[in-house]
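In: What would the 3D arrangement of this be:
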Amino acid sequence: MTEEQKSSAESVESGHHPGSDTSLMKGRRRTKLVLAIVLRDMKQMRRHGLPTLLFLSVLLLFFGILFFSMVNSTLREIGVPSWTGRFVSAEEGDGGGGETLLTSLTLLHVVYGYAVLVTMILVPVAFSTGYSHEIKKGTVRILSCYPIGVFDITIAKLIYAALTGVIFAAPVFLLPVSGLGKPVADLLIIFITTYALTLVTVAVAAFVANAITFATRKMYIRPTFLPYLFVVLSFFTTATVLKALTAFLSFASPVFQAAAPLTPLSPFHQGRLLLSFALGGTDFPNWIVFLIPLTLLIAGMWLSLRLWPDIYERE
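Out: Numbers count the residues shown, from 1 in each chain. Sure, this is the predicted structure:
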């Protein structure tokens, strides 16, 4: 019996399968390559849209400081309400006892809305700039050196976006809202929840774009574009935004009313309900709705595993 046969026999006797080692080694190798891409991107952030991220962060921070300075002046007059307490009662709002946009707003609406605005801009920008750079000058141009597929590249760019996004988004959100007199723990809960929802939305969009590419065999919709579309649709289909649009653009109210059935599908809408429940409100999210993005994510990831970077060469 040869040494190789002895080794195989010993592996079988011990219940150890050589194939499992091979799969494990491949998984480790791919993980190392993914982390190597992330590390490289973090070191070369200046090439991946850093000026754009800095500009947007400064702009959002300026807006946040200006906006919440006005909110603070209002709170000094009426007192700081609870997270789910309304700024204005229905009687004060319109004298008729009806609910309007103003009377339906709570402090959570305001702070959460700002968190959504910050994350829905910075996270997709971080992802798309990093992904675009990879397509043009990165991994996919030296396939022989990086034996990984579109799935690995997408995962690497999502990790990069998660790390870069939080570096910029956290101070942009926390600095303006820190003067509201609310516990820091509450503010962190709002930020982490919003950030997680935005990152998941971006991930779902990226993998759905990959799934469409797999089905059509051509990249008609880029993973750098679809995340913007998903977060914008999720934002504009929330109940608060639709109510505001109806109030300010009454001539287009039939359009907004037609979009209202999509509100339960908005991750940002469900996130606000979840935070309301966590911070003492009576609202509660519909957990079944979260199965939709989860299903899309799993399907998109599975199809992405069957795509290879040569798809970019066909563009």
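
In: Which parts of the stretch 151-300 of the chain are strands?
Out: Secondary structure of the stretch 151-300 of the chain by DSSP state E, counting those that start in this stretch: no strands are present.

In: can you map out the helices along it?
Out: Using DSSP state H, counting those that start in this stretch, the helices assigned to the stretch 151-300 of the chain run over residues 184-216, 226-236, 239-248, 253-259, 267-278, 291-304.

In: and those as JSON lines, adding mean neighbour count and mean pLDDT?
Out: For every residue, glycine as well, the C-beta is placed using N, CA and C. Shown next, in JSON lines, are the helices of the stretch 151-300 of the chain (neighbours: other Cβ atoms under 10 Å; pLDDT from 0 to 100):
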{"stretch": "helix 184-216", "mean neighbour count": "20", "mean pLDDT": "94"}
{"stretch": "helix 226-236", "mean neighbour count": "20", "mean pLDDT": "94"}
{"stretch": "helix 239-248", "mean neighbour count": "17", "mean pLDDT": "86"}
{"stretch": "helix 253-259", "mean neighbour count": "13", "mean pLDDT": "85"}
{"stretch": "helix 267-278", "mean neighbour count": "22", "mean pLDDT": "92"}
{"stretch": "helix 291-304", "mean neighbour count": "16", "mean pLDDT": "92"}
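
In: Rebuild the ones you listed as a markdown table, extending it with distance to residue 59.
Out: A markdown table is the format used below for those (distance: least, Cβ to Cβ, whole Å):
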| stretch | distance to residue 59 |
| --- | --- |
| helix 184-216 | 18 |
| helix 226-236 | 17 |
| helix 239-248 | 20 |
| helix 253-259 | 27 |
| helix 267-278 | 21 |
| helix 291-304 | 29 |
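
In: Residue 175 is nearest to which of these?
Out: With Cβ to Cβ as the criterion, residue 175 lies closest to helix 184-216 of these, at 10.6 Å.

In: And that closest one, how far out from the chain middle?
Out: The gap between the average C-alpha position of helix 184-216 and the chain average comes to 3 Å, counting by Cα atoms, centre = their mean, to the nearest Å.

In: what's the angle from it to helix 226-236?
Out: Interaxial angle of helix 184-216 relative to helix 226-236 (axes from the mean of the first three to the mean of the last three Cα atoms, to 10 degrees): 130 degrees.

In: Quick one: list the elements packing against helix 184-216.
Out: In this structure, helix 184-216 makes packing contacts with helix 107-137, helix 150-177, helix 226-236, helix 267-278, helix 291-304, judged by 3 or more Cβ pairs under 8 Å, 6 or more residues apart in numbering; DSSP states H and E.
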